[in-house]
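Colleague: make a model of this:
(2 chains)
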2 protein chains.
Amino acid sequence: VSGTGSKPAGRIEQLCSLISNIEFSVSNEVLNQFSKDESQLPAMLPEIVVFPKSTQEVSALLKAAYALNIPIVPVGARTGKSGGSLCTQGGVALSLEKMNRVLNVNVINRTLTAQPGVVLDDLKSKAESAGLWYPPDPNSSYSCTLGGTIATNAGGPSALKYGVTGDYVLSMEWVTPQGEVLRVGRKTAKGVVGYDLVHLLVGSEGTLGVCTEVTVQLIPKPKEVVTALFQFASVALAIEFVTKAMGQGAFPRCLELIDDVALSVSAWPGIQSETGAVIIAESDGFHLDSVLAEMNLLRTLALEIGSSEPVVAQNESQRASIWNMRKCISIELKKLKGLKFSEDIVIPIDRLSQAVAEIKKLGERHQFTVATYGHAGDGNLHTNVLFGHTDEWPKVEVLLREIMELTVRLGGTISGEHGVGLSKREFLQLEQSPQLIDIQREIRRMFDPEGLMNPGKIFEL
Amino acid sequence: VSGTGSKPAGRIEQLCSLISNIEFSVSNEVLNQFSKDESQLPAMLPEIVVFPKSTQEVSALLKAAYALNIPIVPVGARTGKSGGSLCTQGGVALSLEKMNRVLNVNVINRTLTAQPGVVLDDLKSKAESAGLWYPPDPNSSYSCTLGGTIATNAGGPSALKYGVTGDYVLSMEWVTPQGEVLRVGRKTAKGVVGYDLVHLLVGSEGTLGVCTEVTVQLIPKPKEVVTALFQFASVALAIEFVTKAMGQGAFPRCLELIDDVALSVSAWPGIQSETGAVIIAESDGFHLDSVLAEMNLLRTLALEIGSSEPVVAQNESQRASIWNMRKCISIELKKLKGLKFSEDIVIPIDRLSQAVAEIKKLGERHQFTVATYGHAGDGNLHTNVLFGHTDEWPKVEVLLREIMELTVRLGGTISGEHGVGLSKREFLQLEQSPQLIDIQREIRRMFDPEGLMNPGKIFEL
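Modeller: Down below sits the predicted model:
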């Protein structure tokens, strides 16, 4: 065996004998490392971490695990917030980190083909070197992997104008839970042959198999980007601005909200003392005049409702400083009380104002501080419940459930980018009917009759 | 019974007694009308045409048909080109034409909710009255229905920049083949809860049930559109232009090809005698300067490879006249020999030049005139085989198969917008592996264990 760590026992030893050419580890350090992700869930130890280097190795591993009835969880960079990569039943953590190459960039077809373990920013850089752009931009793009973004159909600030991961996936090489290698989708921009299995698999959170190669569509990279920071006296006014902008035909690429609580941890020098909420707006395009005109529309709307003059980034370093404030919120907020739980609900824009006000009230009633920030332009809010001790968790859960109920009552959805994983499983039936969940269960059983693939995630099989 | 026509017999009589409140017809005129679509396939008569007016009626009809083991085919406006709406086994043609209302346009959320029988141009007008835009624009938009475009995941010229139907569908009310009513998807821009069933159902060609209500995402309507007609000495040069434009970061909303044969039936006054092929290019945006700059990039690239000065439409009527030439090609080409078979292959852009040349050669070898036109910018070509008599059909089929084989060999797909239906069923396995087709078959069986829903389409159950 080519692995590290002490000799594995039982079914894992048997597995090792079947996959003797594939790199693995059973060392405590590595098992511990793979026992956590960015959710607040308790550590869940895999029994072995396997690092295949090819589709053939992934297929061999899945066949062996299936034969031995060992659960298996595909793992990217463990930046997920819903526990999607945690090993609920021990078994195998299948790390894709060694399959991290960009295989091809085709400038004429505007496609990029890569392995799932590539770090998203590396992929984005490769596209940009060719004058092209891959728009999905989750906060963790510096460390998350393409495969992870496919598992959760990840978004980011630019989703407002450019959509999410699934909108760019043309085709995949896909290994079924039983180890069969499939090619799904097509490498052309259009294609309507048979059922759209690509989109069934994107966002399936590692429950229907493992992606081993992906071809994504690229688009021309907008040459001009203008970033501005708008300050409002209150969150209500900031949301009024977003609602107005969306209702009056503005087409920015980002409209990011930072509420009063989130703002209190943001040490950005230009924030005025009377500011109660911030919107970071970004417009883009191929010609500066039109991008400035777009931003000017936003400025006019903001001034109408009492914003101060926006701070427009004059260069790349000012732009980076504004975004850095936004990107650090999650980490800084956590320091406030010690713990936090981050949600990613999506609210229809015409209910956003009501949602933000009611969430604030819910927090007060349950005596928790709630920070709300995120992708306000598409209604995708990160509501963060701050708390100090794990003892408070049951009370946090009650509040979270009420936020989820409110979300569904307002016509929203309980997850815009993190996925259901473990942490939203109990809320699934708030949003979806038993019949709809049953259809998904049947599809999952079809792919994975023994229920070995990422068990316990999304719904119980 | 509330129907028209002579008294139905056997199983259809039984069906009528179960759906006595639902409008239907068994008159020969109506049955004949529903026996054909825009494919070249022979007429296939339904035994009854039913016109439900509500989701409840659709559900009751499907339950009754399932109980009696009667096949049922959902039908839109019968503008499909692959036979998707033909009743291969008699039974029920389920017309959605009475469910044709736009139920809601929400300007702030940028969503539109409609019934499936709405004519696409009516929906597009409703969106535009609200200052918003629904981009999908199949050639038949004046008569095709939203439901039909969902069944085939239809595109059109603007798909080059704006994508296809599925990119805009957020949620659907869906009746399963056994009459169960589901709500799939969500009404917000983002959402990743559970498997993406919306995209599994979009493009399923009426084989997995019936859509009874749809919510689509709208976007701001570009304020400026510039349309230009580029003339080239040969098809090869026109394709070189497209390849160059795509390889050098141009981002037009349409790049439509008209080859020499298609041009010969196009009576557009401005075509020069030495012109061997035309590209209609369209750029759009919110500011005229940037749209003109985009068009100017195309002009520069075209002049470099010997195009004459492009004709830029100066007003809406010139623009309409250019598009009218493009839209009439299909009808005019048919007059050339009396019959034609239109394909909708998609070729990777970097193989487009090779594809067009080889298709021309294949036509010559089999002694058929082949016209090629369509959405060259995304590689989606309408190759039309012209012929004079149905006796030639077997020879046409041989040529078609060779074109499909070539398409797959060049990394393309056999259908970009028409779907598989009946006419491409025998070519499906050229593109997809038996394993992949089996997975689709299993999904279909899951939804429709008796195989009553649009039987015979895409693949045999």
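Colleague: quick one: name the residues of the stretch 251-400 of chain A near chain B.
Modeller: A:251, A:285-287, A:289-290, A:293-294, A:346-350, A:375, A:378-380 (Cβ under 8 Å from any Cβ of the partner chain). The way it works is simple: take the backbone N, C-alpha and C, and place the C-beta from them, glycine included.
Colleague: pull the number of nearby residues for A:Gln435.
Modeller: Using other Cβ atoms under 10 Å in any protein chain shown, A:Gln435 has 12 neighbouring residues.
Colleague: cool, and the one 4 residues further on?
Modeller: When neighbours are counted by other Cβ under 10 Å, A:Ile439 registers 24.
Colleague: the inter-axis angle of the helix or strand containing it versus helix B:434-447?
Modeller: According to DSSP states H and E, A:Ile439 maps onto helix A:434-447. Following axes from the mean of the first three to the mean of the last three Cα atoms, to 10 degrees, one obtains 150 degrees for the angle between helix A:434-447 and helix B:434-447.
Colleague: go through helix A:434-447 and flag the buried ones.
Modeller: Using 16 or more other Cβ atoms under 10 Å in any protein chain shown as the burial criterion, the residues of helix A:434-447 that qualify are A:Leu436, A:Ile437, A:Ile439, A:Gln440, A:Arg441, A:Ile443, A:Arg444, A:Phe447.
Colleague: how about stretch A:11-25?
Modeller: A:Arg11, A:Ile12, A:Leu15, A:Cys16, A:Ile19, A:Ile22, A:Glu23, A:Phe24, A:Ser25.
Colleague: now, these that are in helices?
Modeller: A:Arg11, A:Ile12, A:Leu15, A:Cys16 (DSSP state H).
Colleague: what's the first-to-last distance across stretch A:338-358?
Modeller: Terminal residues of stretch A:338-358 are spaced 24 Å apart (Cα to Cα, to the nearest Å).
Colleague: my bad, stretch A:200-207
Modeller: With Cα to Cα applied, stretch A:200-207 spans 11 Å between its terminal residues.
Colleague: what's in contact with it?
Modeller: Residues outside stretch A:200-207 that contact it (Cβ atoms under 8 Å, 6 or more residues apart in numbering or on different chains): A:73-74, A:84-85, A:150-153, A:165-166, A:169, A:172, A:174, A:184, A:208-209, A:211, A:419-421, A:443-444, A:447-448, A:453-454, A:457-458, B:192, B:195-197, B:199-200.
Colleague: which residues of the stretch 301-450 of chain A fall in strands?
Modeller: A:311-312, A:339-342, A:345-346, A:369-375, A:380-387 (DSSP state E, counting those that start in this stretch).
Colleague: what helices or strands is the last one leaning on?
Modeller: Read that as strand A:380-387. Secondary-structure packing of strand A:380-387 (3 or more Cβ pairs under 8 Å, 6 or more residues apart in numbering or on different chains; DSSP states H and E): helix A:260-264, helix A:316-337, strand A:339-342, strand A:345-346, helix A:352-365, strand A:369-375, helix A:393-409.
Colleague: that one: which residues count as buried?
Modeller: A:Asn380, A:Leu381, A:His382, A:Thr383, A:Asn384, A:Val385, A:Leu386, A:Phe387.
Colleague: with stretch A:93-104 instead?
Modeller: Judged by neighbour count (16+ other Cβ under 10 Å), stretch A:93-104 contains these buried residues: A:Ala93, A:Leu94, A:Ser95, A:Leu96, A:Glu97, A:Lys98, A:Met99, A:Asn100, A:Val102.
Colleague: ok, stretch A:193-206 next?
Modeller: Within stretch A:193-206, judged by 16+ other Cβ under 10 Å, the buried ones are A:193-206.
Colleague: same check, this time on stretch A:365-382
Modeller: For stretch A:365-382, burial by neighbour count (16+ other Cβ under 10 Å) applies to A:366, A:368-382.
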